[in-house]
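S.K.: after the sequence you'll find the predicted model.
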Amino acid sequence: MPIPLINISHIETLFKNAVYPVLVISDENVIVYQNETASLHFGDDVVVEFTGLSNDITTTEIRIKDHVFNFNFIQTELGFLAIGTDITQVVKERNFYKEALDNLPADLGVFDTNGRYLYVNPAGIKDEALRNWIIGKDDFDYCKYRNRDTAMAEYRKQLFAAIRDTKQDQGFEEQINLPGQETDWQLRKLRPVFDDKGEIKFILAYGINIKDRKKAELTQQRALETIEKSAKAKEEFVAVMSHEIRTPMNAIIGMSRLLAKTSLDTKQSEYLDAILTASGNLIVIVNDILDFSKIEAGKLRLEYTGFSFTEVIEYAKAVTAHQAAEKGLELTFDIDEKLSNIFIGDVYRINQVLVNLLNNAIKFTHKGKVSTHVKLEKNEEDTQHLCICVRDTGVGMTESFMMDMFSMYSQEEGVTRKYGGTGLGLKITSQLVELMHGKIEVDSEKDKGSCIKVKLQLSKGTIKDIPVSANIRFADNALQGKRILIAEDNSLNVLVASTVLQNYGATVHVAENGKEAVNTLKNGLQVHAILMDVEMPVMDGIEATAIIRNEISETLPIIALTANVMPEDKQKLTAARMNGFVAKPFAEADLIGTLLRSIK
């Protein structure tokens with residue numbers, strides 16, 4: 001119901017001195033009264049049209065000259081009473097912030113707690129008509145308008161609910177697929193804004209385009225997959241190469257060792273020593289390549305046992321003495337008496353490091369000597385700090401080469417052709433020392449010799465930490481009365497293994513593949529153990545073992561005799577329920593010891 005105002009004089013009395021503009025607008029939208037403040041702002045020459053006024057209108061903004069006014073309307077008997085407020089500064093500030101937000105290169109939106117749009121900038125919705133239409137609506141309305149699946153709206157609905165429940169930020173990566181356009185990605189963040197009472201006033205949503213980042217991630221992922229495939233192919237190649245070399249080497253080394261047990265004259269013994277030395281060198285190269293592959297793939301693991309450093313020195317001396325004697329070099333070893341009697345560490349890898357250093361020193365020394373010193377640098381309650389120094393009087397190295405000598409295949413110019421070798425030994429030595437948390441240092445002068453120091457910290461041990469040695473002598477009749485089935489397709493390897501077993505009194509039966517081995521057992525042959533090659537035609541050793549375990553015997557000892565020596569190969573053999581593992585080329589003591597332990 002209109003407020004009763006008697007006449008214009010009444011209004012004049014009320015609003016004449018008001019500091020805000022006051023107007024009376026007739027039903028015909030004509031200004032019939034304005035107070036002095038309104039006149040000051042509007043002037044007589046300014047025509048202000050209030051068109052479309054109705055009972056529903058309560059407020060509106062009017063721009064006059066350089067000012068913006070917000071008018072509140074009250075219906076009276078004289079027409080509409082319009083009381084204005086100068087909001088010019090507010091509008092300027094509002095327009096400034098709106099312009100800033102509208103020109104942000106990132107999506108920006110303001111939502112109420114139910115996910116309805118209160119504002120969205122052009123980066124969020126480029127279509128101005130749609131941008132105006134969406135105000136007061138939610139993402140379900142948007143999806144319906146765009147004729148799109150509502151999965152995006154459903155997910156955002158959950159996020160708004162989570163914000164209402166937790167009053168915490170929510171973030172997510174959103175994939176946007178538009179017809180005929182490249183897939184887009186946005187990193188979005190929803191942040192609640194609170195009033196003075198701690199209640200959510202509105203939710204600020206912003207997004208950053210991460211399409212380029214996702215492209216880079218995809219490119220990186222594909223590159224990583226390519227690298228992994230390449231590494232896998234390389235690993236498989238190394239495994240196959242190792243298998244193909246080890247299989248004939250098993251026969252060469254095995255037959256040579258058997259030949260060494262026969263009567264030979266001096267010249268024949270020299271020839272045989274040369275064969276064994278060359279074969280051993282080839283196996284060292286194969287082992288180096290395998291070790292490097294395992295280190296590169298992060299699969300090489302140290303095995304900690306008790307050992308005596310005196311035995312390490314004796315082993316190194318035995319392995320390198322022949323090579324040093326051939327070149328007329330003096331080979332000396334000196335061990336600090338204050339060293340602990342027993343250490344705990346990976347004795348195999350420590351042996352490998354020392355032998356690699358000695359072999360390298362002997363290779364590059366023409367005359368003089370190669371000396372090894374093991375010195376105690378620091379003694380603690382449970383550990384000792386050792387320095388192993390291998391010094392030679394050889395060709396030495398330039399300073400520039402020393403900086404790169406532990407790189408893969410690194411050899412000084414002219415060295416490869418003159419001295420041979422792969423350049424892998426020192427690289428592996430360096431990596432093994434690093435794996436044992438040690439340090440390696442080099443001091444060398446061209447044409448005067450070199451000194452390589454390896455510094456290790458080793459735990460002290462006791463006699464109980466030393467495992468029972470596999471390198472023991474067995475009685476000639478250790479396998480007397482034992483029947484052994486050899487499943488092997490290579491006739492030379494069969495000859496080597498069967499001869500070794502027969503020399504210890506075993507009765508040997510042979511199957512050329514896994515299927516023949518299974519059928520032999522099913523036909524009633526009783527044996528005490530099986531030596532099972534892994535890779536055979538017709539049926540391999542893994543499949544044959546599975547049939548034996550499921551259909552014939554769960555307890556019959558099955559020993560893998562294989563050239564596959566990668567860690568994953570050993571895991572497969574264990575998973576196949578084999579009892580042991582002997583790598584080709586095998587040491588006689590390893591084969592006999594493994595068999596005896598399994599049979600018992």
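M.R.: Great, that's in hand.

S.K.: which residues sit in contact with the nearest residue to residue 134 once chain neighbours are set aside?
M.R.: Distances taken as Cβ to Cβ, 6 or more residues apart in numbering put residue 117 closest to residue 134, at 4.8 Å, once the chain neighbours are dropped. C-beta coordinates here come from the backbone N, C-alpha and C atoms, glycine included. By Cβ atoms under 8 Å, 6 or more residues apart in numbering, the contact list for residue 117 reads 109-111, 134-138.

S.K.: mind giving me the PyMOL select for those, buried ones only?
M.R.: Selection of buried members from those for PyMOL, criterion 16 or more other Cβ atoms under 10 Å:
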select buried, resi 109+110+111+134+138
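
S.K.: next step: the contacts of residue 117 restricted to strands.
M.R.: 109-111 (DSSP state E).

S.K.: the bottom helix or strand of this protein by mean pLDDT?
M.R.: One helix or strand of the chain scores below all others by mean pLDDT, DSSP states H and E: helix 415-419, with a mean of 47.

S.K.: tell me what the very next helix or strand once past that helix is packed against?
M.R.: Later in the chain than helix 415-419, the nearest helix or strand by DSSP states H and E is helix 424-435. On a contact count with 3 or more Cβ pairs under 8 Å, 6 or more residues apart in numbering; DSSP states H and E, helix 424-435 meets helix 266-296, helix 347-363, strand 439-445, strand 449-460.

S.K.: picking up where we left off before, including distance to residue 293 and pLDDT, could the ones in strands among the contacts of residue 117 go into TSV?
M.R.: Below are the ones in strands among the contacts of residue 117 laid out as TSV (distance: Cβ to Cβ, whole Å; pLDDT from 0 to 100):
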residue	distance to residue 293	pLDDT
109	54	92
110	58	93
111	56	94
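
S.K.: dihedrals phi and psi, the closest residue to residue 36 other than its chain neighbours?
M.R.: Leaving aside its sequence neighbours, residue 36 sits nearest to residue 16 (Cβ to Cβ, 6+ apart; 6.5 Å). Dihedral angles of residue 16 (phi, psi; degrees, to the nearest 10) stand at phi -60, psi -50.

S.K.: how near is residue 16 to residue 8?
M.R.: As judged by Cβ to Cβ, to the nearest Å, residue 16 and residue 8 stand 11 Å apart.

S.K.: what does stretch 258-270 contact?
M.R.: Residues contacting stretch 258-270 (Cβ under 8 Å, 6+ apart): 272, 276, 496, 499-500.

S.K.: in the stretch 51-200 of the chain, which spans are helices?
M.R.: Assigned by DSSP state H, counting those that start in this stretch, the stretch 51-200 of the chain shows helices spanning 88-102, 128-133, 139-146, 151-166.

S.K.: so which of those helices is nearest residue 332?
M.R.: helix 151-166 (74.4 Å; Cβ to Cβ).

S.K.: that closest one to helix 139-146, inter-axis angle?
M.R.: 170 degrees (axes from the mean of the first three to the mean of the last three Cα atoms, to 10 degrees).

S.K.: could you export the contacts of residue 117 as JSON lines, including distance to residue 197?
M.R.: Below are these laid out as JSON lines (distance: Cβ to Cβ, whole Å):
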{"residue": "109", "distance to residue 197": "24"}
{"residue": "110", "distance to residue 197": "19"}
{"residue": "111", "distance to residue 197": "19"}
{"residue": "134", "distance to residue 197": "29"}
{"residue": "135", "distance to residue 197": "26"}
{"residue": "136", "distance to residue 197": "24"}
{"residue": "137", "distance to residue 197": "27"}
{"residue": "138", "distance to residue 197": "25"}
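
S.K.: out of the contacts of residue 117, which is nearest to residue 77?
M.R.: Nearest to residue 77 among these, with distances taken as Cβ to Cβ, is residue 136, at 35.4 Å.

S.K.: tell me the contacts of the closest one?
M.R.: 116-117.

S.K.: where in this protein is pLDDT low?
M.R.: 1-6, 41-57, 281, 297, 400-425, 468-472, 565, 567 (pLDDT under 70).

S.K.: quick check: longest helix in it by residues?
M.R.: Longest helix in the chain by number of residues (criterion: DSSP state H): helix 211-260.

S.K.: number of nearby residues for residue 212?
M.R.: 9 (other Cβ atoms under 10 Å).

S.K.: how close does it get to residue 372?
M.R.: 58 Å.

S.K.: equivalent analysis for residue 537, please.
M.R.: Distance from residue 537 to residue 372, by Cβ to Cβ: 48 Å.

S.K.: who has more neighbours out of the two?
M.R.: Each of residue 537 and residue 372 has its neighbours counted (other Cβ under 10 Å); residue 372 has more, 21 against 10.

S.K.: quick one: that one is in a strand?
M.R.: Yes - the assignment for residue 372 by DSSP: H, G, I helix; E, B strand; the rest coil puts it in a strand.

S.K.: how about the nearest residue to it, chain neighbours excluded?
M.R.: Using Cβ to Cβ, 6+ apart, the closest residue to residue 372 is residue 333 (4.8 Å).

S.K.: SS state for the one you found?
M.R.: strand.

S.K.: contacts only, for it.
M.R.: 313, 316-317, 371-372, 374 are the contacts of residue 333 under Cβ under 8 Å, 6+ apart.

S.K.: let's have these in JSON lines, adding distance to residue 296.
M.R.: Formatted as JSON lines, the contacts of residue 333 follow (distance: Cβ to Cβ, whole Å):
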{"residue": "313", "distance to residue 296": "30"}
{"residue": "316", "distance to residue 296": "26"}
{"residue": "317", "distance to residue 296": "31"}
{"residue": "371", "distance to residue 296": "33"}
{"residue": "372", "distance to residue 296": "29"}
{"residue": "374", "distance to residue 296": "30"}
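
S.K.: most surrounded residue in the residues you listed?
M.R.: Ranked by neighbours (other Cβ under 10 Å), the contacts of residue 333 are led by residue 316, which has 25 neighbours.

S.K.: any idea how far it is from residue 453?
M.R.: 16 Å.

S.K.: next one: residue 383
M.R.: Residue 383 is 18 Å from residue 453, by Cβ to Cβ.

S.K.: cool, and residue 575?
M.R.: 43 Å.

S.K.: surely residue 461 touches residue 344?
M.R.: Yes - the criterion here is Cβ atoms under 8 Å, and residue 461 meets it with residue 344 at 4.2 Å.

S.K.: overlap in contacts of the two?
M.R.: 306-307.

S.K.: okay, now residue 328: neighbour count?
M.R.: If we define neighbours as other Cβ under 10 Å, then residue 328 has 9 of them.

S.K.: likewise for residue 194?
M.R.: With other Cβ under 10 Å as criterion, residue 194 counts 11.

S.K.: secondary structure class of residue 551, three-state.
M.R.: Assignment for residue 551 (three-state DSSP): helix.

S.K.: convert the C-alpha atoms of stretch 578-586 to CSV, please.
M.R.: The C-alpha trace of stretch 578-586 is given here as CSV (Å, rounded to 0.1, in the frame of the first residue of the first chain):
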residue,chain,number,x,y,z
MET,A,578,63.7,-76.7,-7.0
ASN,A,579,66.0,-77.5,-4.2
GLY,A,580,69.2,-75.9,-5.3
PHE,A,581,71.1,-73.9,-8.0
VAL,A,582,74.4,-74.6,-9.7
ALA,A,583,75.6,-72.1,-12.2
LYS,A,584,77.4,-73.0,-15.4
PRO,A,585,80.4,-73.2,-15.7
PHE,A,586,80.2,-75.0,-12.4
